[in-house]
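> sequence-free structure coming up:
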């Protein structure tokens, strides 16, 4: 009897597991069908989304970007020289730039190592000087990718990444020249860096944007140091004034538009979500299912549709003024919050590629603040040379006297033997880069060691 009941129990257990297996299988097929249907619905929306993107001025492809840029003759294209400079730069030891961070009071051995590092950079420097004189830096083909240690952007264009490293050497070359009193070379190197930064911005994405920021800020620091070293030299101030007025900030909207085209190209080339880590926000069992789905017709168009949809949403939210840094920050942050609230599986590509970093416009605005302050400081020193007295108020009226974060005038105050110019700053919470909530300050005092210009940490 017990044997019969045991056999009956085992039979029931087998039937139960068979039933559960059937249920799980049915659920699996049902889930697969629902996800596939969801992707198909997204894919159907793609043509209208692309039409909206084109109306907003977003490039439909990398080929369209190339057509807009046009063919640049070799005689005007600095990219050829820049590629040559990269080959020279790659000959340097990987850890060579660690010797550049020396101070005036550093041991003689460290000073000597820094000098040797800069000496080895000179062949690259000479090529970059030539490249800066070319009107364009445009690559005829997409630059190859390289791996970088940045987890949030594991790949970046090699010319953008290399430029960030090169800018460190040019900036330290300038500082070394200033220590030696070699002002003409310091000014020449700073001008080279400034021109290269502007040239590079025309061919850049926001992935390599930090390299441009590094180059721009290093150039601004070089101009500031030269000004402090020669505050009574009218010829030097006139040259600095010409350079600083020629500076144009990179167009962040254009960079995001290039990102959009590059992202669409990446979607078309992806073989597997799991392979590229684009499914990191999806549970593992579902990610494997998505990898299988991703190989089926129409699914790439579904991921692309979601990606295009959110870029359209972003560009519809951006302010018309490309230099409304708080407004740009708020728009990007709002869209990113909306993306975070969409947990659907077809958001994997959009979450991985991103649609903008809210910190970028804040750093750009900070750069503009320092640019405005530097213009005002040069004008104040020029007036002192001409009249023997500093101005009682900011010497230039108009947009340059305005703090771009607040839309209010910069602050100016005469001090004993000099003057101070500063911005109020603004607190953007956790997005504040470089202590920006404290504002930027430039203080000049005759016959004293001046404090640095820049953000007050």
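Right, received. Where do you want to start? Keep in mind that this is a model prediction, so the values were computed, not measured. Numbers count the residues shown, from 1 in each chain.
> strands of the stretch 151-300 of the chain, residue ranges please.
In the stretch 151-300 of the chain, strands defined by DSSP state E, counting those that start in this stretch lie at 155-157, listed in chain order.
> no wait, the stretch 301-450 of the chain
Counting by DSSP E, counting those that start in this stretch, residue ranges of the strands within the stretch 301-450 of the chain are 402-403, 408-409, 411-415, 418-422, 440-445.
> and those strands: which comes nearest residue 165?
Nearest to residue 165 among the strands of the stretch 301-450 of the chain is strand 440-445 (26.1 Å), distances taken as Cβ to Cβ. The way it works is simple: take the backbone N, C-alpha and C, and place the C-beta from them, glycine included.
> quick revisit: include distance to residue 262 and mean pLDDT when you put the strands of the stretch 301-450 of the chain into JSON lines, please.
Rendered in JSON lines, the data for these read as follows (distance: least, Cβ to Cβ, whole Å; pLDDT from 0 to 100):
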{"stretch": "strand 402-403", "distance to residue 262": "34", "mean pLDDT": "85"}
{"stretch": "strand 408-409", "distance to residue 262": "38", "mean pLDDT": "85"}
{"stretch": "strand 411-415", "distance to residue 262": "41", "mean pLDDT": "87"}
{"stretch": "strand 418-422", "distance to residue 262": "39", "mean pLDDT": "86"}
{"stretch": "strand 440-445", "distance to residue 262": "33", "mean pLDDT": "67"}
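> how about residue 385: what's its closest non-neighbour residue?
Closest residue in space to residue 385, ignoring its immediate chain neighbours: residue 234 at 5.2 Å, by Cβ to Cβ, 6 or more residues apart in numbering.
> any low-confidence regions in the stretch 351-457 of the chain?
Low-confidence regions of the stretch 351-457 of the chain, defined here as pLDDT under 70, cover residues 433-457.
> ditto for the stretch 101-250 of the chain
Low-confidence segments of the stretch 101-250 of the chain, defined by pLDDT under 70, are located at 101, 139-159, 202-203, 206-208.
> run the last query once more with 50
Of all residues in the stretch 101-250 of the chain, those with pLDDT under 50 make up the ranges 141-142, 144-156.
> about what we covered before: for the strands of the stretch 301-450 of the chain, give me CSV that also has mean neighbour count and distance to residue 326.
Conversion of those to CSV gives the following (neighbours: other Cβ atoms under 10 Å; distance: least, Cβ to Cβ, whole Å):
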stretch, mean neighbour count, distance to residue 326
strand 402-403, 20, 11
strand 408-409, 13, 13
strand 411-415, 14, 19
strand 418-422, 20, 19
strand 440-445, 20, 16
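> need these in JSON lines (columns: distance to residue 107).
Supplementary listing: the strands of the stretch 301-450 of the chain in JSON lines, determined by distance: least, Cβ to Cβ, whole Å:
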{"stretch": "strand 402-403", "distance to residue 107": "42"}
{"stretch": "strand 408-409", "distance to residue 107": "46"}
{"stretch": "strand 411-415", "distance to residue 107": "36"}
{"stretch": "strand 418-422", "distance to residue 107": "33"}
{"stretch": "strand 440-445", "distance to residue 107": "30"}
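> of all the ones you listed, which one is nearest residue 370?
Of all the strands of the stretch 301-450 of the chain, the one in closest proximity to residue 370, counting by Cβ to Cβ, is strand 440-445 (5.4 Å).
> ok, residue 40 - contacts?
Residues in contact with residue 40, defined by Cβ atoms under 8 Å, 6 or more residues apart in numbering, are 298, 302.
> re the thing from before, closest to residue 393 out of the strands of the stretch 301-450 of the chain?
Of these, the one closest to residue 393 (Cβ to Cβ) turns out to be strand 411-415, at 5.9 Å.
> in its sheet, which strands sit next to that closest one, and in what direction?
Based on DSSP bridges, the pairing partners of strand 411-415 within the sheet are strand 418-422 (antiparallel).
> chain center to the strand it pairs with, what's the gap?
Mean-position distance between strand 418-422 and its chain equals 30 Å (Cα atoms, centre = their mean, to the nearest Å).
> again with stretch 180-190
Taking the mean C-alpha point of stretch 180-190 and that of its whole chain, the gap between them comes to 28 Å (Cα atoms, centre = their mean).
> for burial, what's the neighbour tally of the residue nearest to residue 385?
The local packing count at residue 234 equals 12, with neighbours defined by other Cβ atoms under 10 Å.
> please apply the same query to residue 381.
A total of 26 residues lie near residue 381 under the criterion other Cβ under 10 Å.
> now it. Nearest residue, chain neighbours left out?
In this structure, residue 381 finds its nearest non-sequential neighbour in residue 231, 5.2 Å apart by Cβ to Cβ, 6+ apart.
> could you do residue 166 as well?
In this structure, residue 166 finds its nearest non-sequential neighbour in residue 89, 6.0 Å apart by Cβ to Cβ, 6+ apart.
> go ahead and confirm that neighbour touches residue 161.
No - no contact is recorded between residue 89 and residue 161 when judged using Cβ atoms under 8 Å, the distance being 10.9 Å.
> so which bits of stretch 342-360 are buried?
The neighbour-count criterion (16 or more other Cβ atoms under 10 Å) identifies 345-360 as the buried residues of stretch 342-360.
> distance from the chain centre to stretch 63-76, please.
Mean C-alpha position of stretch 63-76 versus that of the full chain (Cα atoms, centre = their mean) differs by 23 Å.
> start to end distance for it?
With Cα to Cα, to the nearest Å as the measure, the first residue of stretch 63-76 is 21 Å from its last.
> per-residue confidence for residue 344?
If you check residue 344, the pLDDT there is 76.
> tell me where the stretch 301-450 of the chain has helices.
When assigned using DSSP state H, counting those that start in this stretch, the helices of the stretch 301-450 of the chain occupy the ranges 325-340, 348-353, 359-387.
> for residue 301, find the nearest of the ones you listed.
Each of these was scored for nearness to residue 301 using Cβ to Cβ, and the closest is helix 348-353 (11.4 Å).
> dump the residue contacts of residue 128.
Taking Cβ under 8 Å, 6+ apart as the contact definition, residue 128 lies against 81, 82, 85, 166, 170, 192, 196.
> distance of the first one from residue 138?
Here residue 81 is placed at a distance of 12 Å from residue 138 (Cβ to Cβ, to the nearest Å).
> again, but for the fourth one
Distance, residue 166 to residue 138, using Cβ to Cβ: 18 Å.
> ok, the third one next?
Using Cβ to Cβ, one gets 15 Å for the distance from residue 85 to residue 138.
> which residues touch the residue nearest to the spatial centre of the chain?
For the chain, the residue nearest the mean C-alpha position is residue 209 (2.4 Å; Cα atoms, centre = their mean). Contact partners of residue 209, counting by Cβ under 8 Å, 6+ apart, are 250, 252, 255, 360.
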